[in-house]
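In: Quick one, what's the 3D model for this:
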Amino acid sequence: MPELPEVETVRSGLAPIMEGQTIRRANINRPNLRFAFPPAFCDRLTGTEVLRVHRRAKYLLIDLSRGETLIAHLGMSGRFSIVPPGENPPPDTKAAHDHVEWLLSNDHRILYNDPRRFGFMDLCKSADLNNNKFLSDLGPEPLGNGFSSAWLAEQFIGKARPVKTALLDQHVVAGLGNIYVCEALYRAGIHPKTLIKTIGPKRRERLLVCIREVIAEAIKAGGSTLRDYAAVDGVLGYFQHRFVVYGREGEPCMHTTCPGTVRRIIQSGRSSFYCPQCQR
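Out: Coordinates of the predicted model:
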């Protein structure tokens, strides 16, 4: 599932093409994705100007001139593509899975392709965005000022909860997923089963720094492409080539002086990859 860096890469690709443009026509090719489309979805989009394309956690947000915001989640396989005037969709997408199409006033088409249909789209009043059911309980952004050592201390104090599980909780920090939590914990030298109540100030600060570093580097790399993900221009992310533990079960630890081998365990139904020598 695309995590924060992948969604941010999509946002940065869509923004310069969509912002300031009017959606001249909106089409949907089926009544639902993961959920049903909102009532009168196409009518509510057609004729509106796109004011801003932004992001919250793993959600893409598109502010419209009629006072509504489109909320889009990519799910497992969702992908936005930009089709310039006179060109055809990317050759690696299948038209049968192009479920949403917007024609903009600059004659670009925006396609949403989703073979598994785990993504979804919703519309809500922009003024009520922070109270929306998908967004209201999210924690701070990992690169924002609200994500601090003090915030982590408040979330960790007295709780007998594994750190890997805690960091996947979107109430603790928004947008992190399995890949980047595994990578950040390796850099911080913290075992994924470590109880958060046992993590002291120095290790907590180190963890904070490592999370920020991993997310920033992944955004710069265009995210990670493991299966379906690609940016809006079809370019694949390449942060997967920098993984030090994720997906490397049985391979040597990449720390030059470490004799350890990467292991995998299951936590809350998700695979956790770690080095037992480097992470305590």
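
In: I figured Ser148 hits Leu208, correct?
Out: Yes. With contact defined as CB atoms under 8 Å, Ser148 counts as touching Leu208 (7.2 Å). All C-beta spots, glycine's among them, are computed from the backbone N, C-alpha and C.

In: quick one, which of these two is more surrounded?
Out: Leu208 (20 against 13; other CB atoms under 10 Å).

In: In a helix, that one, correct?
Out: Yes. Applying DSSP: H, G, I helix; E, B strand; the rest coil, one finds Leu208 inside a helix.

In: Quick check: pLDDT value at the closest residue to it other than its chain neighbours.
Out: Nearest residue to Leu208, sequence neighbours excluded (CB to CB, 6 or more residues apart in numbering): Ser149, at 5.5 Å. We have a pLDDT of 94 for Ser149.

In: low-confidence ranges in the stretch 51-200 of the chain?
Out: Low-confidence segments of the stretch 51-200 of the chain (pLDDT under 70): 90-94.

In: hey, where'd the helices end up in it?
Out: Assigned by DSSP state H, counting those that start in this stretch, the helices in the stretch 51-200 of the chain fall at 149-156, 163-168, 178-188.

In: elements contacting the second one?
Out: Based on contacts counted as 3 or more CB pairs under 8 Å, 6 or more residues apart in numbering; DSSP states H and E, the elements that helix 163-168 packs against are helix 178-188.

In: And the helices of the stretch 51-200 of the chain: which comes nearest Pro2?
Out: Closest to Pro2 of these is helix 178-188 (CB to CB; 10.0 Å).

In: and the closest one, C-alpha only, in CSV?
Out: Only the C-alpha atoms of helix 178-188 are listed here, as CSV (Å, rounded to 0.1, in the frame of the first residue of the first chain):
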residue,chain,number,x,y,z
ASN,A,178,5.3,-0.9,7.3
ILE,A,179,8.2,-0.2,5.0
TYR,A,180,9.4,3.1,6.5
VAL,A,181,8.9,2.0,10.1
CYS,A,182,11.1,-1.0,9.6
GLU,A,183,13.8,1.2,8.0
ALA,A,184,13.6,3.9,10.7
LEU,A,185,13.8,1.3,13.5
TYR,A,186,16.9,-0.2,12.0
ARG,A,187,18.6,3.2,11.7
ALA,A,188,17.6,4.0,15.3
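
In: gap between it and the chain center?
Out: 15 Å (CA atoms, centre = their mean, to the nearest Å).

In: List the contacts of it.
Out: With contact meaning CB atoms under 8 Å, 6 or more residues apart in numbering, helix 178-188 is reached by 3-5, 163-164, 167-168, 176, 191-192, 203, 206-207, 209-211, 213-215, 218, 224, 226, 243-246, 270-275, 278-279.

In: returning to what we had before: show me what contacts the residue nearest to Leu208?
Out: By CB under 8 Å, 6+ apart, Ser149 lies in contact with Pro201, Arg204, Glu205, Leu208.

In: Of the residues you listed, which is the nearest to Gly144?
Out: Closest to Gly144, out of all of these and judged by CB to CB, is Leu208, at 11.9 Å.

In: so Arg25 sits right up against Leu103, yeah?
Out: Yes. At 4.2 Å, Arg25 and Leu103 qualify as touching, with contact defined as CB under 8 Å.

In: who's more crowded, the two?
Out: Leu103 (18 against 14).

In: Would you indicate which residues of stretch 165-180 are buried?
Out: For stretch 165-180, a neighbour-count test (16 or more other CB atoms under 10 Å) marks 165-168, 170, 172-180 as buried.

In: Now distance to Thr257 too, for these, in TSV please.
Out: Listed next are those as TSV, based on distance: CB to CB, whole Å:
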residue	distance to Thr257
Thr165	30
Ala166	30
Leu167	27
Leu168	30
Gln170	36
Val172	33
Val173	31
Ala174	35
Gly175	33
Leu176	29
Gly177	30
Asn178	27
Ile179	25
Tyr180	25
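
In: residue contacts, the closest residue to Ala72 other than its chain neighbours?
Out: Excluding the flanking residues, the one nearest Ala72 by CB to CB, 6+ apart is Leu60, at 4.3 Å. Contacts for Leu60 were tallied using CB under 8 Å, 6+ apart; they are Val7, Val10, Arg11, Leu14, Val53, Ile71, Ala72, His73, Leu74, Phe80.
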